[in-house]
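A.B. asks: coordinates for the following, if possible.
(2 chains)
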Amino acid sequence: NAGVTQTPKFQVLKTGQSMTLQCAQDMNHNSMYWYRQDPGMGLRLIYYSASEGTTDKGEVPNGYNVSRLNKREFSLRLESAAPSQTSVYFCASTTGSSPLHFGNGTRLTVT
Amino acid sequence: AQKVTQAQTEISVVEKEDVTLDCVYETRDTTYYLFWYKQPPSGELVFLIRRNSFDEQNEISGRYSWNFQKSTSSFNFTITASQVVDSAVYFCALSEAMRGIQGAQKLVFGQGTRLTINP
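C.D. replies: Take a look at the predicted model:
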């Protein structure tokens, strides 16, 4: 029972490079989310997918794109990384009756 | 807009003391959920409790208890007889109502309170 799996765990990028953060859940959840965590700011919602086939912006979507590939997978793409995107990224999933289940996070550093 | 405020940035107590973490929220929704999550030094987020807006009963789970008061828009968390393993960052969160979209919960998080329990 893996729950929510995020890859990679750590990543260092140079400014301007692109990358995709992967997230997969095996709990048959409808909704999936990407959050970023910065010191002193809690977690902020980047994008979410309420159900397969839909995606919507959260609080801080600028500089990111997402793809809900299927019910299990929800990826987050940084097209041109900036130092301001240095953060810890968490993927989460849920269905209506359950609380959010989080992955273990991806620590991204942009130099 | 929804907002969650955890005014205590850091708390440090000696083991076995009781400690209360404060959480104040703002929302215009009448239906909402409140949550507490724990983030230990290892970094994962651990769900502790979810409470819906219609249930103001206090909740107790072992050494943990939660006090929900709609009149003051607060959802405080108390740890009784604290232990070193309770050291973590604790987040309070509020879910926006997602009308018509079953299963979606957009959580708004507070800034977190770093709790250190000293032996």
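A.B. asks: beta partners of the residue nearest to residue B:5 when sequence neighbours are not counted?
C.D. replies: With sequence-adjacent residues excluded and distances taken as C-beta to C-beta, 6 or more residues apart in numbering or on different chains, residue B:5 is closest to residue B:24, at 4.8 Å. Every residue, glycine included, has its C-beta placed from N, CA and C. Going by DSSP bridges, residue B:24 is paired in beta bridges with residue B:5, residue B:74.
A.B. asks: quick check, pLDDT for residue B:24.
C.D. replies: Here, the pLDDT recorded for residue B:24 equals 98.
A.B. asks: likewise for residue A:53?
C.D. replies: For residue A:53, pLDDT reads 89.
A.B. asks: for it, which non-adjacent residue is closest in space?
C.D. replies: Nearest non-adjacent residue to residue A:53, counting by C-beta to C-beta, 6+ apart: residue A:68, 6.7 Å away.
A.B. asks: ok, that neighbour - contacts?
C.D. replies: A:32, A:49, A:52, A:53, A:54, A:55, A:74 (C-beta atoms under 8 Å, 6 or more residues apart in numbering or on different chains).
A.B. asks: let's see that with 6 Å instead.
C.D. replies: A:49, A:52, A:55, A:74 (C-beta atoms under 6 Å, 6 or more residues apart in numbering or on different chains).
A.B. asks: the first one pairs with what?
C.D. replies: Pointing back at residue A:49 there. Assigned bridge partners for residue A:49, using DSSP bridges, are residue A:32.
A.B. asks: quick one on the thing from earlier: most neighbours of all the contacts of residue A:68, which one?
C.D. replies: Highest neighbour count within the contacts of residue A:68, by other C-beta atoms under 10 Å in any protein chain shown: residue A:74, with 28 neighbours.
A.B. asks: that one and residue A:33 touch, don't they?
C.D. replies: No. Applying C-beta atoms under 6 Å as the test, residue A:74 and residue A:33 come out as separate, 7.9 Å apart.
A.B. asks: just want the most central residue of chain A.
C.D. replies: Nearest to the geometric centre of chain A sits residue A:34, at 3.1 Å (C-alpha atoms, centre = their mean).
A.B. asks: low-confidence stretches in chain A?
C.D. replies: A:1, A:96-97 (pLDDT under 70).
A.B. asks: for it, what lies in contact range of chain B?
C.D. replies: A:30-31, A:40, A:42-43, A:50, A:94-96, A:99, A:102, A:104-105 (C-beta under 6 Å from any C-beta of the partner chain).
A.B. asks: and if we set it to 7 Å?
C.D. replies: Chain A comes close to chain B at residues A:30-31, A:40-43, A:45, A:48, A:50, A:58, A:90, A:94-96, A:99-100, A:102, A:104-105, as judged by C-beta under 7 Å from any C-beta of the partner chain.
A.B. asks: and those residues, which are buried?
C.D. replies: Among the residues of chain A next to chain B, the ones that count as buried by 16 or more other C-beta atoms under 10 Å in any protein chain shown are A:30-31, A:42-43, A:45, A:48, A:50, A:58, A:90, A:94, A:99-100, A:102, A:104-105.
A.B. asks: show me which pair in the residues you listed is furthest apart.
C.D. replies: A:30 and A:42 (24.5 Å; C-beta to C-beta).
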